[in-house]
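**Q** model this:
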Amino acid sequence: MLPTPNAPVPGTTVVVGVDTHTDTHHAAVLDLNGRLEGDAAFPATPAGYQALVDWAGSYGIIDRIGVELTSSYGAGLTRALTGAGIHVLQVNTTDKATRARRGKDDRSDAIAAAQKVLAGMATAIPKDTTGVIESIRMLTLVRNSAVKSRTQALNQIKDLLVTAPTPLREQLRRFSLPTIAKHAAALQPDTGRYADPAHAAEHALKRHRVAALNDEITAADQELRALTTATAPTLLARPGLGVHTTAQFLITAAENIDRITSDAAFARLCGAAPVPVSSGQTHRMRLHRGGDRQANRALHMIIIGRMKNDPDTRAYITRRLTEGLSKRDTIRALKRYVARQVFNDLKTDLTKN
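**A** Predicted coordinates:
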């Protein structure tokens, strides 16, 4: 049963924190002095979202709502609140050390979320998940899953072949794994003789899903190419940028790229922001180890590609090595440069769109 809204208090301003789950969301309302006005649970449905807004609004004017897990359990609520014109902030879940010390439940998590909003600890604007980049994210997720499954299927073929009867093993072992998969698909085991390991091995090898997964990956690649070309043509045209690296940067930045205030903030989001690690007579920097690790990997792959194929990158590396910089630190500097380049291109593409 949904809580009944109270009579609105004229002139009162409140903040709200929401602890999100699959089926229910727990909300807590604080006034601007940090006093708890009320808390309640709501179903994670469109009707529940509206009831939450009505209930919170009964305590006064809603200034901000802090929502945990805005890209997963709280995605639907975030879209509903943003669509209603409410200022939504992304709240990090309570760290493990604090949970171990204080314990946790839905009510305390919701109150903690509201307190973080009130204290200014929650400032991040959630990603916009209502446009084409959300489509790119979902297609990328499906493609990555298919690639992982194909790798597992190929490894399983390799493992089966190691212990397969000698004639079958000798017939296939000289080929690469993808070629073995093609040959395995053409095997004709005797369906009435599965008790014989030779026929069982042929049957097991034949039943792999590599061909179907290849088709799934190819289809996803075509769909992603069309979407990324239309969404980020400037970025995609850069040397070393492909469909999948471009898709990853779009996913990291999101549709509302204005939520990222500078190229330095984007670099930190990608794990490419320099951090001092000097000590004594050593003066050097490293990249911080936070941020989106998939975006960081995309930056690294771009650098590796440009080191092989881009004359300007090779000339820069040669110069910095001559100046005494290590190769690792040179790559770190290049990551920061590429992050700036990617951010500016994303601003161009997404602002234009």
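
**Q** Just after the helix or strand of the chain with the lowest mean pLDDT, pick out the following helix or strand.
**A** Taking mean pLDDT, DSSP states H and E as the measure, the chain has helix 96-102 as its least confident helix or strand, at a mean of 67. Of the helices and strands lying after helix 96-102 in sequence (DSSP states H and E), the nearest is helix 106-119.

**Q** Report the rounded mean pLDDT for that next one.
**A** In this model, helix 106-119 carries a mean pLDDT of 94.

**Q** So which bits of that helix are buried?
**A** Of the residues in helix 106-119, 106-118 count as buried by neighbour count, 16 or more other Cβ atoms under 10 Å. (Each C-beta comes from the backbone N, C-alpha and C, glycine too.)

**Q** Kindly indicate which of these lies nearest residue 334.
**A** Residue 334 has its nearest neighbour among the buried residues of helix 106-119 in residue 116, at 35.8 Å by Cβ to Cβ.

**Q** Nearest spatial neighbour of that closest one, chain-adjacent residues omitted?
**A** residue 122 (4.4 Å; Cβ to Cβ, 6 or more residues apart in numbering).

**Q** Enumerate every residue touching that neighbour.
**A** Each residue near residue 122 by Cβ atoms under 8 Å, 6 or more residues apart in numbering is listed here: 66, 89, 90, 91, 92, 113, 116.

**Q** Relative to the whole chain's centre, how far out is whatever helix or strand residue 147 lives in?
**A** Using DSSP H and E, residue 147 sits within helix 132-163. Centroid separation for helix 132-163 versus its chain: 17 Å, with Cα atoms, centre = their mean, to the nearest Å.

**Q** what about stretch 274-290, how long is it end to end?
**A** 11 Å (Cα to Cα, to the nearest Å).

**Q** got the buried residues for whichever helix or strand residue 179 is part of?
**A** For residue 179, the element it lies in under DSSP H and E is helix 177-185. For helix 177-185, burial by neighbour count (16+ other Cβ under 10 Å) applies to 180, 181, 184.

**Q** Distance from the chain centre to it, please.
**A** Relative to the chain's own centre, helix 177-185 is displaced by 33 Å; criterion: Cα atoms, centre = their mean.

**Q** so what secondary structure elements neighbour the helix or strand following that helix?
**A** Counting by DSSP H and E, the next helix or strand C-terminal to helix 177-185 is helix 197-206. Applying 3 or more Cβ pairs under 8 Å, 6 or more residues apart in numbering; DSSP states H and E, we find helix 197-206 packed against helix 132-163, helix 166-172, helix 177-185.

**Q** Out of those helices, flag the one nearest residue 12.
**A** Of all the helices and strands packed on helix 197-206, it is helix 132-163 that lies closest to residue 12, at 35.8 Å by Cβ to Cβ.

**Q** Between helix 197-206 and the closest one, find me the angle.
**A** For helix 132-163 against helix 197-206, the angle by axes from the mean of the first three to the mean of the last three Cα atoms, to 10 degrees is 170 degrees.

**Q** start to end distance for stretch 37-49?
**A** Length of stretch 37-49, first residue to last, Cα to Cα: 19 Å.

**Q** Tell me which residues are up against that stretch.
**A** 2-3, 6, 14, 20-31, 51-52, 55, 59, 73, 76-77, 80-81, 106-107, 110-111.

**Q** tell me which residues form a beta bridge with the closest residue to residue 113 other than its chain neighbours?
**A** Closest residue to residue 113 apart from its sequence neighbours, by Cβ to Cβ, 6+ apart: residue 17 at 2.9 Å. Beta-bridge pairing of residue 17 under DSSP bridges involves residue 28, residue 66.

**Q** Name the nearest of the contacts of residue 122 relative to residue 225.
**A** Looking across the contacts of residue 122 and measuring by Cβ to Cβ, the closest to residue 225 is residue 90, at 30.6 Å.
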